[in-house]
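Enquirer: Got a predicted model here, sequence first, then my questions.
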Amino acid sequence: MYAKALLTVLLGSGLVSAQLNTLALRAGLKYFGTAVDERRTTTDATYMGIVNNTAEFGSLVPENGQKWDSTEPSQNSFSYTRGDIVRSPAWCHEKQVLANINTRHSQLPGWVNNGQWTRASLTAVIETHIANVMQHYLGQCYAWDVVNEPAADDGSWRTSVFYNTLGTDYLPISFNAARAADPATKLYLNDYNLEYNGAKTNRVLEAVGIIQAAGAPIDGVGFQGHLIVGSTPGRSALATALRRFTALGVEVAYTELDIRHSSLPASAAALATQGNDYANVVGSCLDVDGCVGVTIWGFTDKYSWIPETFSGQGDALLWDANFAKKPAYTSVSSVLAAAATGGAGTSTTRPPVTTTVRSSTLVTSSRAATTTSAGSGPESPRWGQCGGQSWTGPTRCVSGSTCTFVNEWYSQCL
């Protein structure tokens, strides 16, 4: 759809064969990036050839190598072997690095999860971990994911060793420690399903407010963007969700974007829908002053995390398993090229990004009416999706939960 509408403009602009990061920079973004599977850096030359192409990717993030269980597997014993893939000379000089410090509920070593902590002792553990990891990469990273996934799917606070011991105080504690470790880098909070603008989005807005009210620094919020083909919100709705956070004075970015097919193999129509969904996500970032970049969570279906997590689903990325570009790649490159040339597909002129913190009133929304599906058929688990525009999955919930309308794109078993 986008490619046909823009072909004449692109042929005249010299951008018809330009690649993703080149187009993103010309469109006013800071980067278009990818996560890197550390296991493939020495085993797959084709994979690394694309990773190292700075015209495609202007930022890199290790998928797992900087998570707590990798960097501090035992207390006060630090290892950077996997995370240091981002420190090669070519990457350091030619690409921005996005990094993970991750005070979060998962990928923690047993000594953290199972410790008998007091408030003081766990605070010291957080501060020590953040200081050591961030200072190891001092001056090399554009942004750090400081706190990851603080909200549960139902909009409550996600339980973890940090929340159970410190309550929401772990949020400003983590951000203060990160700023002390590196005064210059951007500090992010990161979560998924913020795109649907429901109860979880409201809770993360509250988290940003808590951090700011405590006087702690926060520069950005990452929308992970793990989405489903045909159930992805439209461009305008996505931009609305992004603007709720930029109104708090922080920048935003898509940090882990992938859009998976709920059944495989994908039809030609499903591939086209995937392309439109990708274009809407990237387009929403272009439409919002303060949305600075897009990172896809891997680029080839050959190495995606999705099939191991969502059985029977996948093919979520821009290159297929044979490293061929998919229709979604064309859709993304076209919407970026449109913004770069001032053509159709962009609705704003982007001024420089600012991150000045200003006071704001937290916006909340009341939940619409609830519905319960009757009859027989597949059921979604508690907290799972059960409806929404173009949703093709189960519309019934397991016993004890109700299919609850959140917005036109998303209903959830609550």
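Expert: Cool, the structure landed.
Enquirer: So what's the residue count around Ala337?
Expert: Here the number of neighbours of Ala337 (other Cβ atoms under 10 Å) works out to 25. (C-beta placed from N, C-alpha, C; glycine too.)
Enquirer: can you give me the strands in this structure?
Expert: In the chain, the strands defined using DSSP state E lie at 31-36, 59-62, 96-103, 143-148, 186-191, 220-223, 226-228, 251-260, 291-296, 379-380, 385-387, 396-397, 403-407, 410-413.
Enquirer: per-residue pLDDT, Ser79?
Expert: What the model reports as pLDDT for Ser79 is 83.
Enquirer: Ignore what I typed, I meant Gln412.
Expert: pLDDT, Gln412: 59.
Enquirer: Asp258 reaches Val229, doesn't it?
Expert: No. Contact criterion Cβ atoms under 8 Å: Asp258 and Val229 do not qualify, at 10.4 Å.
Enquirer: low-scoring pLDDT stretches of the stretch 201-350 of the chain, where are they?
Expert: Low-confidence segments of the stretch 201-350 of the chain, defined by pLDDT under 70: 343-350.
Enquirer: run the last query once more with 90
Expert: 341-350 (pLDDT under 90).
Enquirer: now swap in the stretch 1-150 of the chain and tell me
Expert: For the stretch 1-150 of the chain, the stretches with pLDDT under 90 are 1-18, 37-43, 60-74, 77, 79-110, 113, 115, 133-134, 136-142.
Enquirer: can we see that at 70?
Expert: For the stretch 1-150 of the chain, the stretches with pLDDT under 70 are 1-17, 65, 85-102, 104.
Enquirer: all helices for it, in order.
Expert: For the stretch 1-150 of the chain, applying DSSP state H, counting those that start in this stretch gives helices covering 2-13, 20-27, 45-51, 68-71, 89-94, 110-113, 119-136.
Enquirer: follow-up on the earlier one: go through the strands of the chain and name the closest to Thr128.
Expert: Relative to Thr128, the nearest member of the strands of the chain by Cβ to Cβ is strand 96-103, separated by 12.0 Å.
Enquirer: Let me see the ranges of the helices in the stretch 301-414 of the chain.
Expert: Counting by DSSP H, counting those that start in this stretch, one finds helices in the stretch 301-414 of the chain at the ranges 306-309, 327-341.
Enquirer: and the longest one, what does it pack onto?
Expert: This points to helix 327-341. Helices and strands touching helix 327-341, by 3 or more Cβ pairs under 8 Å, 6 or more residues apart in numbering; DSSP states H and E, are helix 2-13, helix 20-27, helix 268-287.
Enquirer: Work out the gap between that helix and the centre of the chain.
Expert: Put simply, helix 327-341 sits 20 Å off its chain's centre (Cα atoms, centre = their mean, to the nearest Å).
Enquirer: Could you do stretch 59-74 as well?
Expert: Relative to its parent chain, stretch 59-74 has a centroid offset of 16 Å by Cα atoms, centre = their mean.
Enquirer: Any idea how far apart the tips of it sit?
Expert: For stretch 59-74, the first-to-last residue distance is 30 Å (Cα to Cα, to the nearest Å).
Enquirer: per-domain residue ranges of this structure.
Expert: 2-359, 366-414 (automatic domain parsing).
Enquirer: Of those domains, which stretch is the most buried?
Expert: Across the domains of the chain, averaging neighbours per residue (mean count of other Cβ atoms under 10 Å) puts domain 2-359 on top, at a mean of 20.
Enquirer: re earlier: for Asp277, which of the strands of the chain is the nearest?
Expert: Of the strands of the chain, the one closest to Asp277 (Cβ to Cβ) turns out to be strand 251-260, at 5.0 Å.
Enquirer: Report the distance from the closest one to the chain centre.
Expert: 4 Å.
Enquirer: which helices and strands sit right next to that strand?
Expert: The contact analysis (3+ Cβ pairs under 8 Å, 6+ apart) places strand 251-260 against strand 186-191, strand 220-223, strand 226-228, helix 235-246, helix 268-287, strand 291-296.
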